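Asker: predicted structure and sequence below. I'll ask about it afterward.
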Amino acid sequence: MRRLTALAGLVAVMFGAVGVPSAGAASSCPSVNGNWAGPGPFAVTQESNGAGTTIFRPVNLGSLGCGTHPVILWGNGTLATPTSYAVLLNHFASHGFIVAASDGQSADPKPMLAGLDNLTRQNSTEGSVYAGKVDLEHVGASGHSLGGGQAVGTGADSRVDTVAPMFGGPFNDPGKLHGPALFTAGEKDIVVWPSVVKGQYEKASQVPAIYAELRGAGHFEVSDSGLRGPVTAWFRYQLMGDPQARDLFFGPDCEYCTSPVWTAFVRNSKAS
């Protein structure tokens, strides 16, 4: 019995090392049966919060089995706005996330975190559509190019559990991350070279980290299904505890480890 108890403890430690969400994650949100690149079950809407953030969210918060909704913070590339990524951000929202997209462009994480501050206030404001519907215990950050580097900066904030920069630039220190990270690069990206992204991944040795290089992708293909699906799956697992998504990234037989979608898929020791 003592051996079984010790083994159970070891398994718990091993699972904790790869960022299994804690109890209370929004795991009751409906399964999408692996259709990460396809639309989720929620009708979506978008609105300005009047303070520098555009929100993409399910129309009916707290519905379809999701009592609360995890948050994804978003940072834009140079000269881009949330409208530039509307297809992608609406996609995330359709899978049950509240997306808080900074309206500007910056490497500074503060504008992205301001969106989280606003949602935190709205979550406790009686009469707000967000009241009691925001899962502030499960927050992720993503962004493209400049905004990808910005997202890494938000990952130093204790409220942000995981990051997934998309073709992100080296504008903040991955050594300050405290949660799992998925660094994606494009094989044919000549703006942010894959070697730059891999360098960021290598600096995140203190957390479970993955470097994934998308075959044939240039710098501006972040909304395409080739990347949209994997990043959605990452957040579904990290923020919702979706068991269908875990084996894509983790375990000895991880599906993406040998998938032809990637020219490289590398996990550090904490992720593998």
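Answerer: Cool, got the structure.
Asker: which parts of this structure are strands?
Answerer: With DSSP state E as the criterion, the chain has strands at 44-48, 53-58, 69-75, 98-102, 134-144, 162-166, 181-186, 209-214, 262-267.
Asker: give the rounded mean pLDDT of the first one.
Answerer: When pLDDT is averaged over strand 44-48, the result is 98.
Asker: got it, and the last one?
Answerer: Mean pLDDT, computed over strand 262-267, is 98.
Asker: repeat that for the fifth one.
Answerer: Throughout strand 134-144, pLDDT has a mean value of 98.
Asker: ok and it relative to strand 69-75, angle-wise?
Answerer: 30 degrees (axes from the mean of the first three to the mean of the last three Cα atoms, to 10 degrees).
Asker: does anything pack onto strand 134-144? Which helices or strands?
Answerer: The helices and strands touching strand 134-144, judged by 3 or more Cβ pairs under 8 Å, 6 or more residues apart in numbering; DSSP states H and E, are strand 69-75, helix 110-123, helix 146-154, strand 162-166, helix 225-240. Where C-beta positions appear, they are placed from N, C-alpha and C, glycine not excepted.
Asker: who does the fourth one touch, helix- and strand-wise?
Answerer: With contacts defined as 3+ Cβ pairs under 8 Å, 6+ apart, strand 162-166 has these neighbours: strand 134-144, helix 146-154, strand 181-186, helix 225-240.
Asker: can you give me the angle the second one makes with strand 98-102?
Answerer: With the same axes, to 10 degrees as the basis, helix 146-154 and strand 98-102 are set at 110 degrees to each other.
Asker: and the angle from helix 146-154 to helix 110-123?
Answerer: 60 degrees.
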